[in-house]
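>>> no sequence on this one, just coordinates:
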């Protein structure tokens, strides 16, 4: 596959994340190990969560589009966690310095298999967080997912664990210090 271009969406335009194209890409990624399409990772649950998230403060969607065809190659989206806000479910306490300030929660990073191995995932995540004003970025990562080791290599640190729903696996909470 060729190069990708990035397009950022805010406000009502960011609801594009609820389209069949985005839900389909999500389903492709979360049908793979270690997720295997488990209950939390179903298309319906993705759409349910995302409907609520697009309405929240600081929500942004960054699309990665194939530079030659314009087809969706992947996407990242997230939102602002204000002071004293942290991940939900059964979760470790947030580090005091992170909890004391707003941070950007990276909710999804999805890159279709045909685009992997070319640095597009790293660029997609970096492009998503780069213009954000928050001093910290945070995300959840399955410890057995291939992306987990990449996040660590890119400077993200495990600061705790989170089971976001009773039918979800335990995920690592990872933080990137952007100060």
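Happy to help now that I have it. Keep in mind that this is a model prediction, so the values were computed, not measured.

>>> which residues of this structure score low on pLDDT?
1 (pLDDT under 70).

>>> all strands of it, in order?
All strands of the chain, identified by DSSP state E, fall at 4-10, 60-66, 72-81, 90-91, 103-111, 136-141, 157-163, 171-177.

>>> For residue 22, find the nearest of those strands.
Closest approach to residue 22 among these (Cβ to Cβ): strand 72-81, 6.1 Å. All C-beta atoms are positioned from the backbone trio N, CA, C, and that covers glycine.

>>> between that closest one and strand 103-111, how big is the angle?
170 degrees (axes from the mean of the first three to the mean of the last three Cα atoms, to 10 degrees).

>>> need the strands of the chain in TSV with mean neighbour count, can you?
What follows is the strands of the chain, written out as TSV (neighbours: other Cβ atoms under 10 Å):
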stretch	mean neighbour count
strand 4-10	15
strand 60-66	22
strand 72-81	24
strand 90-91	15
strand 103-111	22
strand 136-141	22
strand 157-163	16
strand 171-177	20
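
>>> Turn those into JSON lines, columns for distance to residue 16.
Supplementary listing: the strands of the chain in JSON lines, determined by distance: least, Cβ to Cβ, whole Å:
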{"stretch": "strand 4-10", "distance to residue 16": "6"}
{"stretch": "strand 60-66", "distance to residue 16": "6"}
{"stretch": "strand 72-81", "distance to residue 16": "9"}
{"stretch": "strand 90-91", "distance to residue 16": "29"}
{"stretch": "strand 103-111", "distance to residue 16": "13"}
{"stretch": "strand 136-141", "distance to residue 16": "21"}
{"stretch": "strand 157-163", "distance to residue 16": "27"}
{"stretch": "strand 171-177", "distance to residue 16": "25"}
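
>>> Tell me which residue of the protein is furthest from the middle?
Here the chain reaches farthest from its C-alpha mean at residue 68, the gap being 24.8 Å by Cα atoms, centre = their mean.
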